[in-house]
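S.K.: Need the 3D shape of this:
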Amino acid sequence: MQFLKKLYHFSQSWTGTIVIVLLVIFFFIQAFVIPSGSMKNTLLIGDFLFVKKFSYGIPTPHIPWLEIPVLPDFNKNGHLISAEGPKRGDIVVFRNPKNTKEHYVKRCVALGLDRVVYANKTLYIRMHEGDDFMKEYYKDDIVVLGGEVYVKEPYKQKGIHYDPHKNIEREILEYMMRSDFAMSPVYFKELGTNVGFNGGNAYIFDVPENEYFMMGDNRDNSYDSRFWGSVPYSLIVGSPWFVYFSWDEEKNVRWDRVGRFVETLESDEYFDKNSNQISSQ
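M.R.: Predicted coordinates for the structure are as follows:
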């Protein structure tokens, strides 16, 4: 009892409050602000989120804003306590592989040993579990490319979309010329006879083991794994939990989003009724 009393009095002090807040930020929950439109229409610019840092283990703690590690990487995998990594379809917060002091939020679309094909504003995934697995769980979305079974657009969340007005191929070509595109050109006869300047009609990427292929829900306006490659487990931070505040570009509070869990936003009919309005923001 004496120990509990001392702990209580310590928590009431400024020092105790700071220590408790830092422990929460280091190991459990951290605030995150959506800075770009890459996850529209699921997560919007101006959404303030709490991120669960224990979703995929406990990452090595960093000092907020400075992003300096507080402890050594004892396990050499970026986590104090390791656990199962993201699943396909999860929305994940992770460190940018090209700048680890910067955080990104994207959807995990493929796991280690999966094969990803992107063509004509369409995503195809060959899942490492094999043909029988894909045919059992994705029987309505099965296609064959180059003699292999793939799942065509396996993710059906309402916020996932392409921009019919954007020429993404032109942008991809510009990135390829700068050697800033991770996928390789490939040709599949099943996808048509039009061959681009790159010599193929699609792009392919084999995800290394224990890494994850991430894409934004706003597919044609997202700088993601198509460009900088897959994300190792060591850079995984956690998963978005709920929106504690949200406002638009004019600083108008979006009350209908405040207090919402992210999984409820993924299937929200709001996006169907207002998709054109949101996409133009």
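S.K.: And the helices in the stretch 1-150 of the chain, which stretches?
M.R.: Per DSSP state H, counting those that start in this stretch, the stretch 1-150 of the chain carries helices over the ranges 2-12, 14-27, 131-137.
S.K.: Next, find the distance separating residue 35 from residue 48.
M.R.: Counting by C-beta to C-beta, to the nearest Å, the separation of residue 35 from residue 48 is 11 Å. All C-beta spots, glycine's among them, are computed from the backbone N, C-alpha and C.
S.K.: Ok, residue 29 next?
M.R.: From residue 29 to residue 48 the distance is 13 Å (C-beta to C-beta).
S.K.: circling back: lowest average confidence across the helices of the stretch 1-150 of the chain, which one?
M.R.: Lowest mean pLDDT of the helices of the stretch 1-150 of the chain: helix 2-12, a mean of 60.
S.K.: What's opposite the residue nearest the centre of the chain in the beta bridge?
M.R.: By C-alpha atoms, centre = their mean, the chain has its centre lying nearest to residue 106, at 1.8 Å. In this entry, residue 106 is beta-bridged to residue 92, by DSSP bridges.
S.K.: got the contact list for it?
M.R.: 38, 39, 91, 92, 94, 214, 215, 216, 222, 224, 225 (C-beta atoms under 8 Å, 6 or more residues apart in numbering).
S.K.: From these, list just the buried residues.
M.R.: Buried subset of these (neighbour count, 16 or more other C-beta atoms under 10 Å): 38, 39, 91, 92, 94, 214, 215, 216, 222, 224, 225.
S.K.: now, among these, which is nearest to residue 80?
M.R.: For the buried ones among the contacts of residue 106, the minimum distance to residue 80 (C-beta to C-beta) is 16.5 Å, reached by residue 94.
S.K.: quick one: that closest one from residue 132, how far?
M.R.: Distance of residue 94 to residue 132, computed by C-beta to C-beta: 31 Å.
S.K.: and if you look at residue 99?
M.R.: 40 Å.
S.K.: now residue 125
M.R.: The gap separating residue 125 from residue 132 is 15 Å, by C-beta to C-beta.
S.K.: Next: residue 121.
M.R.: Looking at residue 121 against residue 132, where the rule is C-beta to C-beta, the gap reads 29 Å.
S.K.: Compare those two and say which is more crowded by neighbours.
M.R.: Taking neighbours as other C-beta atoms under 10 Å, residue 121 and residue 132 compare with residue 121 leading, 15 against 9.
S.K.: for the more buried one, what are its contacts?
M.R.: Residue 121 is in contact with 162, 168, 219, 220, counting by C-beta under 8 Å, 6+ apart.
S.K.: swap in residue 50?
M.R.: With contacts defined as C-beta under 8 Å, 6+ apart, residue 50 is in contact with 29, 30, 31, 32, 240, 241, 242, 244.
S.K.: Which of those residues sits closest to residue 192?
M.R.: Nearest to residue 192 among these, with distances taken as C-beta to C-beta, is residue 240, at 37.2 Å.
S.K.: Okay, and the closest one sits in which element?
M.R.: Using DSSP states H and E, the element containing residue 240 is strand 236-246.
S.K.: Identify each buried residue in that strand, please.
M.R.: The neighbour-count check on strand 236-246 (16+ other C-beta under 10 Å) flags 236, 237, 238, 239, 240, 241, 242, 243, 245, 246 as buried.
S.K.: just wondering, since we're on the fifth one, how far is it from residue 102?
M.R.: Between residue 240 and residue 102 the distance, using C-beta to C-beta, works out to 16 Å.
S.K.: what bits of the stretch 1-150 of the chain have low per-residue confidence?
M.R.: Low-confidence segments of the stretch 1-150 of the chain (pLDDT under 70): 1-27.
S.K.: quick one, strands of it?
M.R.: Remark: strands assigned in the stretch 1-150 of the chain by DSSP state E, counting those that start in this stretch are 29-33, 47-52, 57-59, 62-63, 68-69, 79-82, 91-96, 99-110, 115-119, 122-126, 142-145, 148-152.
S.K.: among the ones you listed, which is nearest residue 266?
M.R.: Across the strands of the stretch 1-150 of the chain, residue 266 has its closest neighbour in strand 91-96 (7.6 Å, C-beta to C-beta).
S.K.: same for the closest one, what does it pack against?
M.R.: Secondary-structure packing of strand 91-96 (3 or more C-beta pairs under 8 Å, 6 or more residues apart in numbering; DSSP states H and E): strand 99-110, strand 211-215, strand 236-246.
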